[in-house]
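1. build me a structure from this.
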Amino acid sequence: MLRRMLLGGFVLLLGLGCLLQGWKGYRLSGLAKDEAQVLTCVELAQRGPGDNVHVALTKFVLAPVYAFEAKRASSAWSKVWVPVVPIDGEYARAAIAGVARDPGAPLAPPRDVHVLMFSRNAKDEASVTEIGSRARLEGLVLNAVEDLPDSAARILRERYPGVDLDRCWILEEGRGRPSLGEAGLWGAGGAMLLGGWVVALWRARASRSSTGRRRTPTRSS
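-> Model (predicted):
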């Protein structure tokens, strides 16, 4: 019985997850265009992505302190969130001046953070460094379908006091416009799983109801 309950709960959660993923893909497909619009970090921070959430970000610098999630079975990272600042902004100028004065001195965290880079591709610190060295950071702005997770927000708030993370644009690098077919597959898979869960639940209840009935004995005259 317990095993069946656990399996049913897993199928239910998996089905709901597939439906949610399908909805996100459908929503982003309608908000994104096939060709990315080129925006500087300042432009994205000031006016957002507009009518095209497919963005190629330029003139940016990745901050050195960030939040990440690691897989339990290995040391590889599964997700990372990195604050992004303008290459000609206050933090970059302070960094250049600080290195000129004392290369070993720690830098104060940036305060002009309005963009966060989200990545599923960065598996370690070297991967983040490689992404930060690119001239363009292409991906999708996710604010219409996703918020910053509480675990990442808690870490970033500790490291970047005064930054309003709720107003930051979240750019997932390495992701293009989702196709409607892909979103439909996620949705169909979720619907099939939930349909199977409903049928199994109905059969289980019907079985318990039939076995729980007691037949009234009849007396023969």
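2. what about residue 54, how many residues nearby?
-> Residue 54 sits with 20 neighbouring residues when counted by other CB atoms under 10 Å. Using the backbone N, CA and C atoms, a C-beta is placed for each residue, glycine as well.
3. any idea how this structure splits into domains?
-> As given by automatic domain parsing, the domain ranges for the chain are 1-32+178-195, 35-177.
4. comparing these by mean pLDDT, which bottoms out?
-> Lowest mean pLDDT of those: domain 1-32+178-195, a mean of 68.
5. contact partners of stretch 142-152?
-> 23-24, 27-28, 31, 53, 67, 69, 79, 81, 116, 118, 156, 165-166, 168-172 (CB atoms under 8 Å, 6 or more residues apart in numbering).
6. give me the nearest residue to residue 38, chain neighbours excluded.
-> residue 56 (4.7 Å; CB to CB, 6 or more residues apart in numbering).
7. check which residues of the helix or strand containing that neighbour are buried.
-> In this assignment (DSSP states H and E), residue 56 forms part of strand 54-58. Of the residues in strand 54-58, 54-55, 57-58 count as buried by neighbour count, 16 or more other CB atoms under 10 Å.
8. how long is stretch 143-150 end to end?
-> End-to-end distance for stretch 143-150: 15 Å, by CA to CA, to the nearest Å.
9. by residue count, tell me the biggest strand in the chain.
-> Ranked by residue count and defined by DSSP state E, the top strand of the chain is strand 77-86.
10. which strands and helices sit next to it?
-> helix 41-47, strand 60-62, strand 67-70, helix 90-101, strand 115-119, helix 125-132, helix 150-159 (3 or more CB pairs under 8 Å, 6 or more residues apart in numbering; DSSP states H and E).
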